[in-house]
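Novice: one predicted model, sequence on top.
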Amino acid sequence: MVLTYVVGAGYEPPAPEHGPEAVQVRILTVDVAAIVQRTVDALSDALDDVHVIAEEPLDVAGAAVHAVPDGFECDAVRKGRAIEWTRRELAVGGEFVLYLDEDSLLEAFEGLPDADVVQLQERPRRTGSVLSYLADVYRMGVQLEQRAFAQLSIPLFAWGGGITVRADLENEVTWNRETLVEDTAFVWAAFERFDADFALAESVCRNEAPPSLYEVAQQRRRWAAGNLQAASMLPARYRLLTRLRNCAWALSPVVTLVAVPLSLLGVVVYGGLFVLLSALLAAFTFFWYLRGALAYGGQRVALALATPLAPLVTVVHSMGTVAGILAPPERFRVTTKTGGD
């Protein structure tokens, strides 16, 4: 609440100063040509320097396709390894590099504000489970805190499915580090070592929400574990803040999983301070979900009707975070994409 409505109060995405001609697009994938083709087709015609970076050769119309050689070695792994190979091997004609995930459908793009790191906004679309989709709607409400990041000396996270970096800064920072969250780790390294600046763009990517409860749990598990591991590169005050945020994320369904069951079982007598705290925490749950629903424009009324499900949605949203804190994964895992909508 403080980050969103105090630190980020009044923030408006700055107007574009660099046109599409200054941007090279790089789309990261493993080997799903059909999904990548849809992402390429969604790009504005003004974005004409488009490259697909894949693990295997693909046939994609409207883009140059590059397969990362099997023999390429560096400290980075999986997606980070592919980005690092691309940084070393692919010349940049313009000033900026726009990274998109294979499923990131970019809506109207008019250019970029003048910042070293420009985060595009995210609006996940449903591809399977209703609850996993609603968990991403809830996340969009909480993610309003991004508008405060321009006021911080280090942004608290980055979403690599739609992010632009200045090419000169990218070559200084590199992606060559082992991490489960290559996007956040890159931004933390950039802002820790250099006098970089951040902007939140108006452009929106319609990426896929995880298609199942298992996939959303594994995605959140990787994010939480990766953020905790990468936090070692942060100064103490930011390390404390990011760990507090992860724990708060994990504990967000406390009313659903603790307060209500204990009261129904008669373990806790409903009254006084317990009622007040429970009501306050429940209000946050409903508030952030509703804020996420309102971000969806024409879909907001339909999504707002699901607000009573918010306590259950927070459980889905948080269960993977708990797993990431208690049992971090040992390797990077790509969230399954379906190509659906």
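Specialist: Perfect, thanks for sending it. Residues are numbered from 1 along each chain as shown.
Novice: how much space separates residue 235 from residue 153?
Specialist: Residue 235 sits 9 Å away from residue 153, going by CB to CB, to the nearest Å. No exception for glycine: its C-beta is placed from N, CA and C like everyone else's.
Novice: do the same with residue 105
Specialist: Distance, residue 105 to residue 153, by CB to CB: 33 Å.
Novice: of the two, which one has the most company?
Specialist: Using other CB atoms under 10 Å, the more surrounded residue of residue 105 and residue 153 is residue 105, with 20 against 13.
Novice: ok, that one - contacts?
Specialist: Neighbouring residues of residue 105 by CB atoms under 8 Å, 6 or more residues apart in numbering: 38, 39, 42, 125, 205, 206, 207.
Novice: looking at those, which is nearest residue 194?
Specialist: Nearest to residue 194 among the contacts of residue 105, counting by CB to CB, is residue 205 at 25.7 Å.
Novice: before we move on, back to that, give me the subset of the contacts of residue 105 that lies in strands.
Specialist: Mapping these onto strands (DSSP state E) picks out 205, 206.
Novice: closest to residue 52 out of the contacts of residue 105?
Specialist: The shortest gap between residue 52 and any of the contacts of residue 105 belongs to residue 39, at 8.8 Å (CB to CB).
Novice: residues contacting that closest one?
Specialist: 27, 100, 101, 102, 103, 104, 105, 106.
Novice: where do the strands of this structure begin and end?
Specialist: Going by DSSP E, the chain shows strands at 23-28, 50-54, 64-67, 96-101, 105-106, 117-122, 162-166, 198-206.
Novice: could you chop this protein up by domain?
Specialist: Domain segmentation of the chain under automatic domain parsing yields 2-236, 241-326.
Novice: right, and those - which one's nearest residue 332?
Specialist: domain 2-236 (4.0 Å).
Novice: where in the protein is pLDDT low?
Specialist: Within the chain, the segments meeting pLDDT under 70 span 263-264, 266-271, 340-341.
Novice: that older thread, closest one to residue 338 among the domains of the chain?
Specialist: Of all the domains of the chain, the one in closest proximity to residue 338, counting by CB to CB, is domain 2-236 (4.6 Å).
Novice: chain center to the closest one, what's the gap?
Specialist: Between the centre of domain 2-236 and the centre of its chain there are 7 Å (CA atoms, centre = their mean, to the nearest Å).
Novice: any idea how many residues pack against residue 272?
Specialist: Other residues within reach of residue 272, judged by other CB under 10 Å, total 8.
Novice: surely residue 14 meets residue 115?
Specialist: Yes - proximity of residue 14 to residue 115 meets the contact threshold set by CB atoms under 8 Å, at 7.5 Å.
Novice: who touches both of those two?
Specialist: residue 199.
Novice: higher neighbour count, those two?
Specialist: Per other CB under 10 Å, whichever of residue 14 and residue 115 has more neighbours is residue 115, with 21 against 16.
Novice: okay, and the beta partners of the closest residue to that one other than its chain neighbours?
Specialist: Among residues not flanking residue 115 along the chain, residue 199 sits closest, at 3.7 Å (CB to CB, 6 or more residues apart in numbering). Beta-bridge partners of residue 199, counted by DSSP bridges, are residue 118.
Novice: any idea how far residue 326 is from residue 199?
Specialist: For residue 199 relative to residue 326 (CB to CB), the value is 36 Å.
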